[in-house]
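Asker: Okay, structure incoming, though there's no sequence with it:
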């Protein structure tokens with residue numbers, strides 16, 4: 001499994017995906033739909049730049065509703081477009097009650 005740099009993950013969530021960043025006990029990322037409803041949330045630890053390993057990546061992919069680890073890694077590594085990611089998130093969001 002891949003490891004991702006925390007700064008790259010934070011940047012992708014905020015700048016590419018368009019999540020709102022809130023700084024509390026962690027950096028929290030909230031993705032809203034056009035109506036202002038929350039689609040998905042995840043968080044990244046405060047502190048110096050660190051590596052997010054294979055134990056957390058699947059959890060973050062599930063939290064942000066990208067479905068698979070591969071989709072989350074593709075978001076961060078810029079091999080999947082914002083539109084593709086949003087399509088996956090909206091499809092998964094529409095399936096959950």
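Answerer: Done, it's in. All figures in this text were calculated on a predicted structure; none of them were measured in a lab.
Asker: So residue 67, which state does it fall into?
Answerer: Assigned with DSSP: H, G, I helix; E, B strand; the rest coil, residue 67 falls in the coil class.
Asker: Next one, pLDDT for it please.
Answerer: pLDDT, residue 67: 90.
Asker: Contact partners for the closest residue to residue 26 other than its chain neighbours?
Answerer: In space, and not counting its chain neighbours, residue 26 is closest to residue 43: 4.0 Å by CB to CB, 6 or more residues apart in numbering. To be clear about C-beta, it is placed using only N, CA and C from the backbone, and glycine gets the same treatment. Taking CB atoms under 8 Å, 6 or more residues apart in numbering as the criterion, residue 43 is in contact with 26, 27, 28, 29, 63.
Asker: gap between residue 43 and residue 81?
Answerer: 24 Å (CB to CB, to the nearest Å).
Asker: you'd agree residue 29 is in a helix?
Answerer: No - read with three-state DSSP, residue 29 is strand and lies in no helix.
Asker: Quick check: it vs residue 20, distance?
Answerer: For residue 29, the distance to residue 20 equals 7 Å [CB to CB].
Asker: for residue 63, same thing?
Answerer: Residue 63 is 15 Å from residue 20, by CB to CB.
Asker: List the contacts of stretch 10-19.
Answerer: Residues outside stretch 10-19 that contact it (CB under 8 Å, 6+ apart): 20-21, 27, 29-31, 42, 44, 64, 75-76, 78, 82, 85-86.
Asker: For ChimeraX, what selects the buried ones among these?
Answerer: Buried subset of these, written as a ChimeraX selection, criterion 16 or more other CB atoms under 10 Å:
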select :27,29,30,31,42,44,64,75,76,85,86
